[in-house]
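**Student:** from the sequence below, what's the structure:
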Amino acid sequence: AAAGAGAGSEQGWLEHRARMLEKALPSSFLGLALDIKTRSESWDLFRSDEHPFLNMDRHLGARWAALTGFQRLILIKFLIPEKVVSSVRDLVSVRLGAEYIEPPAFDLASVYADSGPAVPILFLLTPGADPADALARFARYRGMAARCQSVSLGRGLGAAAADQVRRAMRAGEWVFLQNCHLAGSWMPLLEGLVGTMQTAVAARDAAVNSGFRLWLSAAPSSSLPASVVQMAVKVCVEPPLGIRSTLLNTFCNLIGPTAMILPVTSSPATTHTGTITTITAARRRTQTQTRLRRSRVSTDVSSLSIVSDHSNQTTVSLPQTNAEEVPPERGETWRALLLGLCYFNAVIHCRRAFGSLGWNADYDFSGADLTVAAGLLRRVLADHPSGALPWKQLRFLCGDLVYGGRIADDFDRRTLEALFTRFCCAESLNEGHAFCPAVPEHVALNPRATFAECQDHVEQLPAIDSALLFGLHHYADALCARDAATNLFSTLRSVIRTSGPSAGPADSLTSRVKLLTAALPPTLNAGGTKPTRPIGVFLRQEALRYNAMLTAVRAALQEYADLEETDFGDEEHPDIAALLSGRVPPSWAQFSLVCPPTLAQWLSTLTAHMQCVRELLVQSRPSEFWLGAFLHPHAFLAAVRQEYADDTGAGLHEIVLDVAAPSLLPASQSTTSVLLTGLYLHGASWNGALAEMRPREVYSPLPPLRLQPTTLTTARPNTYSCPVYPSATRARGRRAIFAATLPCADTEFWLLRGVAALLHPFDVSL
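**Tutor:** Numbering: from 1, shown residues only. Below you'll find the predicted structure:
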């Protein structure tokens, strides 16, 4: 939504936001807009400060420094939304102490001391964090490496896990049950096992050895038994933040002073740590080995073992190798590429912090990926002791196979390949090569550098990463911080429960039902002569779907109006609770491809979409279509293909949809094409071609795109194949609908920018 009159410039946007705040809280912020206008330089310094919460008095003087802590947060939320989270941290640090914002050191020794035979240890999983390596090292430290058994829970493994726990209880061994959230049906049995352990320990039963420990890992899930969660020692392991922290963690945990990755074992029943036995699925092992054999890579697949890590995904492990396997003449190449591989691993991990600009979907990359990739790198160097390096083979094995195996979105796979080529290439063998010219601190080191010199270099890297290092626009940092603030307030709203007089909720519900019933748009006229052309048939079906949606919503509103309850909780009445809080009821959201975040937006969007369909129904052969107005845009694309097949006689399997900017499609083909309107760019702006993002413009309107059905495909130079998703969640909610060809100067540049087009932008400006 536009910020309003006068908000076209940064100063205008600030004054507009200030007037909004003055109107909402005049007692605290009266005169804010005038002060911003007369003292613009001071306010610019305030907004550019890394800690505006702490330094408000330095830039703004006593008038605004007198604000309370929460009033300062309100001011920052309105004027610098990207710095809300850091300001909340500053507030907590000032009021409660720095220990409440700094995560404690991950110390398994103290965790172990708090546990016991009847007190399990529960690892709460977060993306990118893998406790298996830390547990393996701790098991070696305690002399339990050979007596620590691990079971990665999944279908059919519950019985094996239960037997393993019972044996370990008697023998005094450790058992690590991974991914408990994936075995919800088995959780009652786990609860029974833990209860049995408690009873036996309380009765001093010799059947439970005092050395027994039960280790669990799970993502937060309602399937976890409450009793187990309450009695367990809970450990939340978060991945390191930033390139420097990730590289230091890699150097400490995976690389030793000899600059070698820790050895991996060849046993198909063990994980990458070489110390925790894992029960694996033979079917996954066979499928991955088949994939390797089908790939034209000269690697002996018979020596590869397929194992499962904590995220229940298949990885590849190499037989144990020593440093001597890398030929002496390849020693410098090995060290240079290993550093590039570590950088690549850190970048793809940290890129997740940028949300959908970083990756279109969520991926659980783990430390096992780097271990396996380094082993494959070492094997390739051993197989090619001299001559040119097989870069294509390296990219497939270390990039596509190991890391790409976790990626489900084809457009993300392109990004992965581009990043791997940036950090593991012929240029990365040269000392001083800049991985990203815009960030000169990150360079390739001397291949003869010692481990200590490499570690010193990493420790000197900036603590705060520039988005340019990841290939993103520098404004992506602000967008990332803004999304974090949005998530923070969304979480706060979800845990806050308001209460009032007993009659209040019912009265509020009655009034809301009346307002919504009156505001709903009228039904569409889908009667009359039935259309015969595919697009006309599709439009009639869309009208029927919208009418069915309206009928269901009106029926629900009538049902709500008849209720007499006064307490509507989220669990008992989720639809009514959502209605009272201004959200879209879950039963209504299922009708559309994408649901707006608020009820007001849902109503205005529904009205606009139905009006668009109403206008299309009365046209004989529309030439422009607002794709986002359709409940089923995929069905529209199918109708376009069918209509082209009817006109040309081509088979449906031969027809492809060529979607591009009108300047890229020949004018002679326009008679069989349609125009798609209402799309927005995410990650770029438009000036006749792809251009850099403009300040505070999250989504940039795209001009109409031409959709041309054809049986021939034409490769176009200097273009970017831009994926089109329903919403900004991208592949987290739905797969890409299609790809549009847009003109640009550098394809890889926009690929790393994470540019996509969206049908539904619900927040166009900050």
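**Student:** pull out the buried positions in stretch 192-208.
**Tutor:** By neighbour count on 16 or more other C-beta atoms under 10 Å, the buried set for stretch 192-208 is 193-194, 196-198, 200-201, 208. In this view, the C-beta of every residue, glycine as well, is placed from N, C-alpha and C.
**Student:** of the residues you listed, just say which sits nearest to residue 730.
**Tutor:** Checking these against residue 730 with C-beta to C-beta, the nearest one is residue 194 at 39.9 Å.
**Student:** show the contacting residues for that closest one.
**Tutor:** 118, 120, 214, 225, 227-228, 231 (C-beta atoms under 8 Å, 6 or more residues apart in numbering).
**Student:** okay, and which of those map to strands?
**Tutor:** Mapping the contacts of residue 194 onto strands (DSSP state E) picks out residue 214.
**Student:** by neighbours, which of the contacts of residue 194 wins?
**Tutor:** Within the contacts of residue 194, most neighbours by other C-beta atoms under 10 Å means residue 214, with 25 neighbours.
**Student:** distance of that residue relative to residue 185?
**Tutor:** Distance of residue 214 to residue 185, given as C-beta to C-beta, to the nearest Å: 19 Å.
**Student:** residue 229 reaches residue 122, doesn't it?
**Tutor:** Yes: counting by C-beta atoms under 8 Å, a contact exists between residue 229 and residue 122, whose distance comes to 6.7 Å.
**Student:** hey, where'd the strands end up in the stretch 551-700 of the chain?
**Tutor:** 624-626, 656-660, 674-677, 680-682, 685-686, 690-691, 699-701 (DSSP state E, counting those that start in this stretch).
**Student:** can you say which of those strands is packed in most?
**Tutor:** Sort the strands of the stretch 551-700 of the chain by mean neighbour count, taking mean count of other C-beta atoms under 10 Å, and strand 680-682 sits at the top with a mean of 22.
**Student:** sheet partners, orientation included, of that strand?
**Tutor:** Here strand 680-682 is paired, per DSSP bridges, with strand 699-701 (antiparallel), strand 756-760 (antiparallel).
**Student:** for residue 384, which of those is the nearest?
**Tutor:** Using C-beta to C-beta, the strands paired with strand 680-682 put strand 756-760 closest to residue 384, at 38.1 Å.
**Student:** for the closest one, C-alpha coordinates in CSV please.
**Tutor:** Listed in CSV are the C-alpha atoms of strand 756-760, where the atom choice follows Å, rounded to 0.1, in the frame of the first residue of the first chain:
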residue,chain,number,x,y,z
ALA,A,756,11.2,-13.7,-8.1
ALA,A,757,7.8,-12.4,-9.2
LEU,A,758,4.7,-12.7,-7.0
LEU,A,759,1.0,-12.8,-7.6
HIS,A,760,0.0,-11.5,-4.1
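**Student:** quick one: the helices in the stretch 351-500 of the chain, in order.
**Tutor:** 367-383, 391-394, 410-423, 451-459, 476-495 (DSSP state H, counting those that start in this stretch).
**Student:** how about those helices in CSV, adding mean pLDDT?
**Tutor:** Output for the helices of the stretch 351-500 of the chain, formatted as CSV (pLDDT from 0 to 100):
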stretch, mean pLDDT
helix 367-383, 87
helix 391-394, 92
helix 410-423, 93
helix 451-459, 83
helix 476-495, 81
